[in-house]
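Q: Any chance you could fold what I've pasted below:
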Amino acid sequence: MEWTAVATARELGRRRKLRVEVDGLAIALFQTEGRVYAFADLCVHQDRSLFKGTLLHGKVICPGHQWQFDLETGHEADQDRCQPTYPVRVDDDGTIYVNLAPETVPARTAEEART
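A: Take a look at the predicted model:
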């Protein structure tokens, strides 16, 4: 895995969210309950910036049509689409690293969604 330094915990700060760009790729960082998560910033639905969304109950809510993406997986429970996420590592000095290879988990099948 190739890790890229994208920000510091201080930059993420109290707002708990930050938009960064790495080699032209926009990434939205979110912090909640002591963990940092990284998402492709543009929503898979209509290219809205997730950075402008809301963090609520372990989900980031897109400001466009209120799709709710799980912070752990990028899944949207009511849709068959998944938002690309990236592995995150935070060093002891507060540097936030992201692996730029998306960690998208395949969307659940209709049968799996019913169980």
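Q: residues near Val44, how many?
A: By other C-beta atoms under 10 Å, the residues close to Val44 number 19. Where you see a C-beta, it was placed from the backbone N, CA and C, and this is true even at glycine.
Q: Now it: closest residue in space that isn't a chain neighbour?
A: Once its chain neighbours are removed from consideration, Val44 has its nearest residue in Arg81; the separation is 5.0 Å (C-beta to C-beta, 6 or more residues apart in numbering).
Q: Ignoring the adjacent residues along the chain, who's closest to Gly94?
A: Ala9 (3.7 Å).
Q: Run through the residues that contact that neighbour.
A: Taking C-beta atoms under 8 Å, 6 or more residues apart in numbering as the contact definition, Ala9 lies against 31, 36, 90, 94-96.
Q: out of those, which are inside strands?
A: 31, 36, 90, 95-96 (DSSP state E).
Q: out of these, which is most surrounded?
A: Neighbours here mean other C-beta under 10 Å. Within the ones in strands among the contacts of Ala9, the largest count is held by Ile96, at 23 neighbours.
Q: What's the separation between it and Leu55?
A: Shown here: Ile96 relative to Leu55, a distance of 16 Å by C-beta to C-beta, to the nearest Å.
Q: now swap in Gln79 and tell me
A: Spatial separation of Gln79 from Leu55 under the definition C-beta to C-beta is 19 Å.
Q: on that earlier part again, tell me the one of the ones in strands among the contacts of Ala9 nearest Glu72?
A: Out of those, the one with the shortest distance to Glu72 is Val36. That distance is 12.3 Å, counting by C-beta to C-beta.
Q: so what's that closest one closest to, chain neighbours aside?
A: Beyond its immediate neighbours in the sequence, the residue positioned closest to Val36 (C-beta to C-beta, 6+ apart) is Val88, lying 4.9 Å away.
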